[in-house]
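>>> any chance you can model this:
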Amino acid sequence: MLLGSAVIVTALFVWLVAGGAHAIAEGPGDPVALNTLPVPTPPNEGDFVRDRPSAVKLGKALFWDMQAGSDGRTACATCHYNAGADSRATNQVNPNGGAFTLKGPNGTLAAGDFPLHRLSDVTNRASAVTSDTNNVVGSQGVVASRFTAVTPGDPQEVRAFGPDPIFSLGGTPVRQTTNRNSPSVINAVFSARSFWDGRAQSTFNGVSPFGARDTAARVGHVNAAGGVDQVAVSLTNSALASQAVAPPGNSVEMSAAGRTLSDVGHKLLSLKPLAEQAVSGSDSVLGPDADPSGRGLTTSYRALIQQAFTPDWWSSDATLTANGRRFSLMEFNFPLFWGLAIQAYEATLVSDATPADRFFAGDNSALSASAQAGLDVFRGPGRCSTCHLGADLSDATVANVAAVGLTTTDSGLPVDTGFLNIGVRPTASDPGLGGVDPFGNPLSEARRAGATNDNVSGSFKVPQLRNVALTAPYFHNGGQMTLRQVVDFYSRNGDFANPQQSATLGTITLTETQKNDLVAFLQSLTDPRVASASAPFDHPQLFVPDGEQTGAGGAVRKDATGQALDCFLQVPATGAAGGAALPQFPAFTGPCVAPPALPGGAGTPGPAPATGAVAAPASAAPAATGRAQVKATKARRATRCVVPRLSGHTLTGAKRMLRHAHCGLGRVTRAASYGRRLVVRRQVPSARSRHQAGTRVRLTLRPVAPKRKR
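Have a look, this model is predicted:
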């Protein structure tokens with residue numbers, strides 16, 4: 001029932017007329033304690049990961065590091081910081097292919113805006129519609145731009161900006177917003193596929209979300225002779241890894257268009273992990289490496305990768321080409337490291353200490369009488385456990401797909417296991433699983449198997465329900481704000497009678513008391529460790545953009561380059577013991593705070609006064625912005641030496657590269673050459689390390705045998 005729906009082989013639940021708080025016969029899909037469900041792991045993970053705790057550490061740092069975004073301010077966690085989801089209220093609306101009818105760009109949502117489809121009678125979907133919008137409550141990402149280059153040592157990339165016809169205010173582009181609501185990453189390890197439309201495959205190919213569908217996916221592997229082969233890899237039970245590699249290259253969520261994860265690696269390998277963010281010394285994973293300065297880690301991403309992964313995936317001086325750019329092997333394979341490390345970290349985010357879990361394990365005092373009655377409704381007249389079944393309260397799990405298969409039927413028509421159309425919006429508003437992958441193949445496994453007459457279009461994944469009280473708004477479109485609104489939605493058999501709508505639902509007649517009890521049971525699915533962000537849910541500090549700063553008359557305030565000034569909210573760092581719970585949607589709002597300045601003084605200022613001069617209109621700003629950023633970047637580069645990779649270059653070439661990088665030439669050690677050409681064998685300091693301008697780099701040269709003539 002709740003928040004999603006799917007068909008599974010389950011028994012009909014029968015009311016027992018004999019009394020007591022539990023008058024429902026237990027069925028095969030009834031909820032049980034989450035700690036009874038094994039955490040899925042790739043069987044061949046050991047071929048890649050040599051130390052799992054190190055992989056978890058790397059994954060946690062990558063997930064929370066704001067430097068990963070093209071703007072140096074956007075992390076994976078930016079959309080998954082509150083119970084694994086996003087509770088921001090400003091600039092969170094996507095027009096979904098039409099006009100803004102809910103809130104415009106930079107608008108702030110309030111409780112009165114929900115539900116997005118309103119009826120005069122909440123129990124009757126055929127009653128008069130008092131308001132409706134096809135807009136979606138998503139998550140804001142980055143300002144639209146095109147990738148130009150990475151400057152090692154600088155978290156901000158060189159990007160070209162232009163006008164944005166959708167996400168702009170008064171001609172000034174603002175951050176874009178996704179066209180679906182952000183689901184929680186907590187307990188996501190149990191899902192067989194990831195994303196609402198299931199496009200992140202269970203099998204990880206080391207590069208992209210699409211598993212075996214992406215036949216061109218290759219990673220670099222050191223062979224027995226010391227060379228590097230480009231090989232295909234396959235890790236099952238890895239939907240989280242497949243999901244993790246998508247946002248860093250997404251031009252709405254985290255990235256300038258045209259950037260790859262190898263570019264991200266090129267940047268992050270030159271930066272101090274979490275350099276802009278506080279890390280608690282008692283962090284359950286990162287604490288031992290927390291910098292005494294209060295920000296960042298004392299280790300490097302290079303060292304973390306070397307500790308976590310076997311050398312045959314990173315130990316080589318070879319360079320490889322991706323997207324027309326040359327990378328070291330460690331950079332080339334950064335998608336592999338990113339996906340598997342974040343998956344290892346997210347696999348630790350299992351919330352199995354809820355009151356409901358204690359009750360399922362035999363503690364009859366763990367639930368209130370109302371919550372116990374709500375459990376009866378959940379597995380009885382509410383029919384919730386038909387779809388939200390088993391330990392993870394979802395039939396889209398690895399375990400359930402293994403038992404049932406990739407596909408099943410609904411009303412005799414093929415569907416994918418764990419995905420259904422439940423009438424949240426008209427099917428045409430979002431195809432969901434009815435869409436296609438980048439290679440033109442159906443996302444649906446039922447359609448890939450040849451189904452034509454099916455109930456696939458407009459279907460979405462059945463989410464798990466733990467911590468659901470903390471993750472509003474609900475559904476793929478963010479259309480409901482409260483759990484009671486969700487219960488009313490299911491009671492009236494959804495909002496739209498789509499031809500593909502699942503027959504599982506039907507109209508559910510519940511009394512007011514039963515509805516309230518059901519909500520009480522859903523609230524009992526909250527893990528207190530998640531609410532307080534205590535281990536394993538503790539985390540570094542994070543600054544999340546919550547719309548743009550505005551001045552008199554609502555005009556967007558801009559920086560010297562013409563870009564909108566973000567309003568940041570702080571998510572404080574927590575250690576293993578946790579901290580104060582964050583406000584829930586839509587109460588997580590200002591005032592704006594100023595994050596640490598980025599290198600070169602490019603940090604976003606704090607909140608501006610309500611009155612005063614506002615930057616001139618940005619009619620010419622898009623063209624000027626790119627030039628200004630390149631100029632500023634060159635100025636920053638001139639103040640420091642970012643050591644280039646010199647291995648294999650001649651001394652003449654190395655001198656030229658050092659001069660360009662504002663570094664000096666130190667002592668040069670030459671081997672006997674016997675007339676042969678000399679190239680760089682070793683350099684100190686190492687490539688991509690940052691130093692003051694003029695720092696001298698010591699070189700050791702080696703002879704190269706002349707090429708034989710054929």
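
>>> contacts, neighbours, all on C-alpha from now
Noted.

>>> helices of the stretch 101-250 of the chain, residue ranges please.
Taking DSSP state H, counting those that start in this stretch to define them, one finds helices in the stretch 101-250 of the chain at 239-244.

>>> okay, now the unreliable bits of the protein?
Along the chain, the model assigns pLDDT under 70 to residues 1-28, 600-639, 671-675, 705-710.

>>> quickly list the domain ranges of it.
52-80+142-171+185-192+242-349+541-571, 641-704 (automatic domain parsing).

>>> gap between the shortest one and the chain center?
Think domain 641-704. In terms of C-alpha atoms, centre = their mean, to the nearest Å, the centre of domain 641-704 is found 39 Å from the chain centre.

>>> endpoints of it, how far apart?
Terminal residues of domain 641-704 lie 28 Å apart, using C-alpha to C-alpha, to the nearest Å.

>>> repeat that for the longest one.
For domain 52-80+142-171+185-192+242-349+541-571, the separation between the terminal residues is 27 Å (C-alpha to C-alpha).

>>> still on that earlier bit, of the domains of the chain, flag the one that's most buried.
Highest mean neighbour count among the domains of the chain (mean count of other C-alpha atoms under 10 Å): domain 52-80+142-171+185-192+242-349+541-571, with a mean of 22.

>>> nearest spatial neighbour of the residue most central in space within the chain, skipping sequence neighbours?
In the chain, the centroid-proximal residue (C-alpha atoms, centre = their mean) is C76; its distance is 4.3 Å. Leaving aside its sequence neighbours, C76 sits nearest to F63 (C-alpha to C-alpha, 6 or more residues apart in numbering; 5.1 Å).

>>> would you agree the one you found falls within a helix?
Yes: per DSSP: H, G, I helix; E, B strand; the rest coil, F63 lies within a helix segment.

>>> can you add distance to V122 and give the domains of the chain back as TSV?
As requested, the domains of the chain are exported to TSV (distance: least, C-alpha to C-alpha, whole Å):
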stretch	distance to V122
domain 52-80+142-171+185-192+242-349+541-571	31
domain 641-704	60
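
>>> which of the helices or strands spans P53?
helix 52-64 (DSSP states H and E).

>>> residue contacts, the nearest residue to N453 once chain neighbours are set aside?
Of all residues not flanking N453 in the chain, L413 sits nearest, at 6.8 Å (C-alpha to C-alpha, 6+ apart). L413 is in contact with 453-455, counting by C-alpha atoms under 8 Å, 6 or more residues apart in numbering.

>>> how near is L413 to Y81?
For L413 relative to Y81 (C-alpha to C-alpha), the value is 39 Å.

>>> can you give me the strands in the stretch 401-550 of the chain?
For the stretch 401-550 of the chain, applying DSSP state E, counting those that start in this stretch gives strands covering 407-410, 413-416, 419-420, 460-461, 542-548.

>>> partner strands of the second one and their direction?
Going back to what we said before, that points to strand 413-416. According to DSSP bridges, strand 413-416 forms sheet pairs with strand 407-410 (antiparallel).

>>> which residues are in contact with the partner strand?
For strand 407-410, using C-alpha under 8 Å, 6+ apart, the contacting residues are 7-8, 414-417, 445-446, 455, 502-504.

>>> what of stretch 499-507?
Contacts to stretch 499-507, defined as C-alpha under 8 Å, 6+ apart, come from residues 1, 5-7, 383, 386, 410-411, 420-423, 427, 454-458, 490-493.

>>> could you do stretch 336-346 as well?
Residues contacting stretch 336-346 (C-alpha under 8 Å, 6+ apart): 52, 55-60, 62-63, 185-189, 206-207, 219, 238, 240-245, 305, 309.

>>> try stretch 534-541
64, 277-280, 283-284, 348-349, 529-530, 533, 570-579.

>>> just those: which are in strands?
570-571 (DSSP state E).

>>> sorry, back to before: Provide a PyMOL selection command restricted to the buried entries of the contacts of stretch 499-507.
Filtering the contacts of stretch 499-507 down to the buried ones (16 or more other C-alpha atoms under 10 Å) takes a single PyMOL command:
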select buried, resi 1+5+6+7+383+386+410+420+421+422+423+427+454+455+456+457+458+490+491+492+493
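
>>> the helix holding P53 packs against which elements?
Identification of packing neighbours for helix 52-64 by 3 or more C-alpha pairs under 8 Å, 6 or more residues apart in numbering; DSSP states H and E yields helix 301-308, helix 334-346.

>>> give me the angle between it and helix 334-346.
Angle, helix 52-64 to helix 334-346, by axes from the mean of the first three to the mean of the last three C-alpha atoms, to 10 degrees: 100 degrees.

>>> which residues make contact with helix 52-64 from outside it?
Helix 52-64 has contacts (C-alpha under 8 Å, 6+ apart) with 49, 68, 75-78, 273-274, 285-286, 301, 304-305, 307-309, 338, 340-346, 539-540, 542.

>>> looking at this, L665 is in a strand?
Yes: under three-state DSSP, L665 sits within a strand.

>>> about what we covered before: dump the strands of the stretch 401-550 of the chain to TSV, plus distance to H649.
Formatted as TSV, the strands of the stretch 401-550 of the chain follow (distance: least, C-alpha to C-alpha, whole Å):
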stretch	distance to H649
strand 407-410	55
strand 413-416	54
strand 419-420	55
strand 460-461	52
strand 542-548	41
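
>>> for those, which one sits closest to L297?
Evaluated with C-alpha to C-alpha, the strands of the stretch 401-550 of the chain place strand 542-548 nearest to L297, the distance being 14.6 Å.

>>> sheet-wise, list the partners of that closest one with their directions.
Counting by DSSP bridges, the strands paired with strand 542-548 are strand 566-571 (antiparallel).

>>> what's next to the partner strand, contact-wise?
Outside of strand 566-571, the residues within contact range by C-alpha under 8 Å, 6+ apart are 81, 541-549, 582, 589-595, 604, 606-607.

>>> if we go to 10 Å?
The contact list for strand 566-571, computed with C-alpha atoms under 10 Å, 6 or more residues apart in numbering, reads 73, 78, 81-82, 88, 90, 174-175, 539-550, 556-559, 582, 588-595, 604-608.

>>> what do you get for stretch 437-457?
Applying C-alpha under 10 Å, 6+ apart, the external contacts of stretch 437-457 come out as 197-201, 209-210, 213-215, 406-417, 419-421, 427-428, 430-436, 459, 498-502.

>>> count of neighbours near the nearest residue to D113 once chain neighbours are set aside?
Leaving aside its sequence neighbours, D113 sits nearest to L102 (C-alpha to C-alpha, 6+ apart; 7.7 Å). A total of 21 residues lie near L102 under the criterion other C-alpha atoms under 10 Å.

>>> ok, K515 - contacts?
Contacts of K515 by C-alpha under 10 Å, 6+ apart are 374, 377-378, 382, 483-484, 487-488, 491, 509, 521.

>>> my read is that S316 contacts E331, right?
No: the pair S316 / E331 is not scored as a contact, 11.1 Å apart, by C-alpha atoms under 10 Å.

>>> give me the common contacts of the two.
G220.

>>> all strands for the stretch 1-150 of the chain, in order.
Going by DSSP E, counting those that start in this stretch, the stretch 1-150 of the chain shows strands at 93-94, 117-119, 129-132, 136-137, 145-149.

>>> pull up the pairing partners for the second one, direction included.
What it means is strand 117-119. Applying DSSP bridges, strand 117-119 is found paired with strand 129-132 (antiparallel).
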